[in-house]
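S.K.: Task: produce atomic coordinates for the following.
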Amino acid sequence: MMLASNPYNTDIKQLARRNMFKQKRFMLLCGFTLPVVVLWAASSGALDIRLYDTLSAWLFDLSHTPQSMLAQQVLWEIRLPRIGMTLVTGAGLALCGVVLQSLCRNPLADPGLIGVSSGAALFAALGFLFISTSALPPWLPSFLATGFIPFLAAIGASLSLFLLLKIASGQGGLNTLMLILAGVAINAGAMTLLGFITYLVDDATLRQITFWSMGSYAGIDHGIFVLSAFVVGFAVMFFIRRVHTLMLISTGEKQAKFQGVDVGKVKVQSLMVVALVVAVCVSFTGIVGFVGLVVPHICRMLVGAHLRVLLPTSVLCGALIVTIADTLARTVIIPAELPIGLLTSLIGVPFFLYLIVREKRKLSHV
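M.R.: Take a look at the predicted model:
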């Protein structure tokens, strides 16, 4: 006697197949779009570069005209490190957003929530204040601005993390509620002190602090890109290997403990890696807001909440959004540049609102 197939199970399987197809299609779209965006970014700017001619002249030594040599120099020394840095930092910030939202089980969690970005901004402002008020040789301030400011920003991010872990840790381990509250308190304190500093400095220094806080990829070189790529690459591998553990924690800490997960240890290790990534990204480029908060939401609405899909998709989308925003920042008002933080918000907010409205319409028909 044949048993009738369960139509409910059939519908579940069809829905799973559709979701899997949708996820693969979106990831392939991101993968194909990424090199197109990189080529567009490399050829666009104050100096238009014909990539085929420039690369042919460089690889096969076809010509040594001043124009081709200038194009090769701009492409190799300025644009390629800058494009690589946008890809790396966009991927890193989106990755940190996914991890923090999973650990805290809070959709509003992002790298700014734990106070690392504000701590870096505070110490960077102290560096600008020191440079503007000290009697230094004429050549030294430019050197300090390229090396000293990122160094201080990294120290500020590290101290913020140390203070966060000190406040949020207790006898039962790292408390998620205390983590969020401590991050809010650190953010408020750092921004208050930053307000005092901006009140004390002169107009030129205030302008430097303001533009740094809005983010810029100007001045990125190969060394900075390699260092950032190494840190972000390490973070990606670290969290990919622990994606199952993060999924268990995101469903509930008690359930994760019953499954044998050392929740406190995983939280501390994850926060340290997140702080390292944010410190490296923020110290060299300033604060590029919005990416860590909204990119995971956009990807979650498009491919679902499963971390095995959400994590790599967020990394790709973060790299795409930041690279597009930086290219527009370089090209919209040539020869000047717009702060990239303005454009990341300008690109992300309308798309995010569109997705929210679309999801609301879906729910209204349920």
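S.K.: When you work out contacts or count neighbours from here on, use the C-alpha atoms and nothing else.
M.R.: OK.
S.K.: any weak-confidence spans in the stretch 251-366 of the chain?
M.R.: 355, 359, 362-366 (pLDDT under 70).
S.K.: where along it do the helices fall?
M.R.: 253-258, 263-285, 291-303, 307-331, 340-364 (DSSP state H, counting those that start in this stretch).
S.K.: what does the third one rub up against?
M.R.: Helix 291-303 has contacts (Cα atoms under 8 Å, 6 or more residues apart in numbering) with 19, 22-23, 26, 90, 93-98, 107-111, 309-310, 313-314, 317-318, 322, 344, 348, 352, 355, 359.
S.K.: and if we set it to 7 Å?
M.R.: 22-23, 93-94, 96-98, 108-111, 310, 313-314, 317-318, 352 (Cα atoms under 7 Å, 6 or more residues apart in numbering).
S.K.: ok, now how distant is the residue nearest the centre of the chain from Ala319?
M.R.: Geometric centre of the chain, nearest residue: Leu93, 1.9 Å, by Cα atoms, centre = their mean. Remark: distance between Leu93 and Ala319 (Cα to Cα, to the nearest Å) = 9 Å.
S.K.: Kindly report the same for Val294.
M.R.: Counting by Cα to Cα, the gap from Val294 to Ala319 is 13 Å.
S.K.: and if you look at Leu34?
M.R.: Distance from Leu34 to Ala319, by Cα to Cα: 8 Å.
S.K.: of the two, who's got more company?
M.R.: Taking neighbours as other Cα atoms under 10 Å, Leu34 and Ala319 compare with Ala319 leading, 26 against 20.
S.K.: thought the more buried one was touching Gly90?
M.R.: Yes - assessed by Cα atoms under 7 Å, Ala319 is found in contact with Gly90 at 4.2 Å.
S.K.: Quick check: which of the helices of the stretch 251-366 of the chain is nearest to Thr192?
M.R.: With Cα to Cα as the criterion, Thr192 lies closest to helix 263-285 of those, at 19.1 Å.
S.K.: Buried only: go through the contacts of helix 291-303 for me.
M.R.: Those of the contacts of helix 291-303 that meet the buried threshold are 23, 93-94, 96-98, 109-111, 310, 313-314, 317-318, 352, by 16 or more other Cα atoms under 10 Å.
S.K.: May I ask you to confirm that Met205 is in contact with Gly127?
M.R.: Not quite, residue 205 is Thr, not Met. No - when contacts are counted by Cα under 7 Å, Thr205 is not listed as touching Gly127 (10.2 Å).
S.K.: circling back to that earlier point, skip the chain neighbours and tell me the closest residue to the residue nearest to the centre of the chain.
M.R.: With sequence-adjacent residues excluded and distances taken as Cα to Cα, 6 or more residues apart in numbering, Leu93 is closest to Gly292, at 5.0 Å.
S.K.: How about Ala94?
M.R.: Per Cα to Cα, 6+ apart, closest to Ala94 is Gly292, 4.4 Å.
S.K.: contacting residues around Phe258?
M.R.: So Phe258 contacts nothing (Cα under 7 Å, 6+ apart).
S.K.: quick one: low-confidence parts of the stretch 51-200 of the chain?
M.R.: 51-68, 135-147, 170-174.
S.K.: what ranges do the helices span in it?
M.R.: 51-60, 66-74, 80-104, 116-133, 140-143, 149-168, 176-200.
S.K.: Pick the most deeply packed of the ones you listed.
M.R.: helix 80-104 (a mean of 26; mean count of other Cα atoms under 10 Å).
S.K.: What lies in contact with that helix?
M.R.: 42, 107, 109-111, 176, 217, 220-222, 225, 228-229, 232, 246, 249-250, 267, 274, 277-278, 281, 291-293, 295-296, 311, 314-316, 318-320, 322-323.
S.K.: That one to helix 263-285, inter-axis angle?
M.R.: Interaxial angle of helix 80-104 relative to helix 263-285 (axes from the mean of the first three to the mean of the last three Cα atoms, to 10 degrees): 150 degrees.
S.K.: what is the orientation angle of helix 80-104 with helix 307-331?
M.R.: Orientation of helix 80-104 against helix 307-331 (the same axes, to 10 degrees) gives an angle of 140 degrees.
S.K.: gap between helix 80-104 and the chain center?
M.R.: 3 Å (Cα atoms, centre = their mean, to the nearest Å).
S.K.: ok, now stretch 269-276?
M.R.: On Cα atoms, centre = their mean, the centre of stretch 269-276 falls 14 Å from that of its chain.
S.K.: cool, stretch 102-119 as well?
M.R.: 12 Å.
S.K.: Quick check: end-to-end length of that stretch?
M.R.: 23 Å.
S.K.: Off-centre distance for stretch 208-218?
M.R.: Distance, centroid of stretch 208-218 to centroid of chain: 15 Å (Cα atoms, centre = their mean).
S.K.: what's the answer for stretch 239-252, then?
M.R.: Distance, centroid of stretch 239-252 to centroid of chain: 20 Å (Cα atoms, centre = their mean).
S.K.: Also stretch 291-310?
M.R.: 13 Å.
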